[in-house]
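1. Build me a structure from this.
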Amino acid sequence: MTTTGLLKPGERMDDLERNGYKIIQTPNRFCFGMDAVLLSGFAQVRKGETAIDLGTGTGIIPILLEAKTPGKHFTGLEIQEESADMARRSVAYNHLEEKIDIILGDICQAGELFPKASFDVVTSNPPYMNDMHGLKNPSDALAIARHEVKCTLDDVAAAASALLRSGGRFYLVHRPFRLVEIFSALTRYHLEPKRMRLVYPFVDKEPNMVLIEAVRGGRSMIKIEKPLIVYEKPGVYTKEIYDVYGY
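-> Purely as a prediction, here's the structure:
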């Protein structure tokens, strides 16, 4: 499929370096970052399993998960119509209509949009900041992506809990400074943290991301994995990061 007539003004087509897949994005609506890529590498979707990404934006996580895992089917839920439209066009461009669905809807209503306990895996790269954390971007699209404008951490945890089957897995990328809130929200909705990995920009810096796996109805025990270091030196990724990106 060519891009002729596919892109709207201000949009661009970016190469994902996986299976020849590409994704439509526009800088004024928030492009995906390393956090989404790292989440797609941390999440495990096994053969025959179904997964849903909450707040999928332009569909980066479902597309990467389809490329990286043997999962059966992937769904992206997105509240912003323009982002959902870009995601659908990217799915069509990559000929993934039979593997990926993009649904326009609110995370807060996820339990009504989908049958309860209908997914094996839920992923989310939610807004990191609440009203106490800095100024919101004047652009609504960017504010919704970065701040808890349309959903809170509690809303995401509640939705994941409602959609997961017993024993299903929830994968989340967030900021370490909110870890106490994250664990509190997860356990409140019967999502037991089982695996955690901190991401450090450099080996001698503080972590700036955290990857978490929680199990619906799991027992209390968590494994702390070895640190993930992003840069070997300024401008040069570590081998593990290159592997995650598929370079």
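2. Do a quick rundown of the helices in the protein.
-> For the chain, the helices defined by DSSP state H cover 34-42, 60-68, 81-93, 110-113, 140-146, 153-163, 179-188, 239-245.
3. For this structure, which element, helix or strand, carries the lowest mean pLDDT?
-> helix 140-146 (a mean of 48; mean pLDDT, DSSP states H and E).
4. in the sheet, who's paired with Ala51?
-> Applying DSSP bridges to Ala51 gives these bridge partners: Phe74, Val121.
5. What separation is there between it and Lys233?
-> Applying C-beta to C-beta, to the nearest Å, the value for Ala51 to Lys233 is 35 Å. All C-beta atoms are positioned from the backbone trio N, CA, C, and that covers glycine.
6. Comparing those two, which residue is more hemmed in?
-> Using other C-beta atoms under 10 Å as the criterion, Ala51 and Lys233 rank with Ala51 on top: 28 against 8.
7. can you pull the contacts of that one?
-> 43, 45, 62, 65, 71, 73-75, 119-123 (C-beta atoms under 8 Å, 6 or more residues apart in numbering).
8. now do Tyr242
-> Applying C-beta under 8 Å, 6+ apart, no residues qualify as near Tyr242.
9. how does it look with 10 Å?
-> Glu232, Val236 (C-beta atoms under 10 Å, 6 or more residues apart in numbering).
10. Closest one to Arg12 out of the contacts of Ala51, please.
-> Pro62 (19.6 Å; C-beta to C-beta).
11. Pull the contacting residues for the closest residue to that closest one other than its chain neighbours.
-> Once flanking residues are discounted, Pro62 sits nearest to Phe74: 4.0 Å by C-beta to C-beta, 6 or more residues apart in numbering. Shown in contact with Phe74 (C-beta under 10 Å, 6+ apart): 45, 49-53, 56, 59, 61-66, 91, 96, 99-102, 119, 121, 123.
12. Could I have the ChimeraX command that selects the buried members from those residues?
-> Selection of the buried residues among the contacts of Phe74 in ChimeraX, burial being defined by 16 or more other C-beta atoms under 10 Å:
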select :45,49,50,51,52,53,56,59,61,62,63,64,65,66,91,96,99,100,101,102,119,121,123
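13. that older thread, of the helices of the chain, give the one that comes closest to Val210.
-> helix 179-188 (6.4 Å).
14. Ala185 and Cys151 touch, don't they?
-> No: contact criterion C-beta atoms under 10 Å: Ala185 and Cys151 do not qualify, at 11.7 Å.
15. For these two, list the residues in contact with both.
-> Ala158.
16. coming back round to it: most tightly packed of the helices of the chain?
-> Looking across the helices of the chain with neighbours counted as mean count of other C-beta atoms under 10 Å, the highest average goes to helix 60-68: a mean of 25.
17. Next, the angle helix 34-42 makes with it.
-> 40 degrees (axes from the mean of the first three to the mean of the last three C-alpha atoms, to 10 degrees).
18. averaged over its residues, what pLDDT does helix 60-68 have?
-> Averaging pLDDT along helix 60-68 yields 97.
19. Now that helix - C-alpha only, PDB.
-> Only the C-alpha atoms of helix 60-68 are listed here, as PDB (Å, rounded to 0.1, in the frame of the first residue of the first chain):
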ATOM      1  CA  ILE A  60       2.100   1.900  18.600                       C
ATOM      2  CA  ILE A  61       1.900  -0.700  21.300                       C
ATOM      3  CA  PRO A  62      -0.600  -3.100  19.600                       C
ATOM      4  CA  ILE A  63       1.400  -2.800  16.300                       C
ATOM      5  CA  LEU A  64       4.700  -3.600  18.100                       C
ATOM      6  CA  LEU A  65       3.200  -6.400  20.100                       C
ATOM      7  CA  GLU A  66       1.800  -8.000  16.900                       C
ATOM      8  CA  ALA A  67       5.300  -7.800  15.500                       C
ATOM      9  CA  LYS A  68       7.200  -9.100  18.600                       C
END
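20. Kind regards, and thank you for your time.
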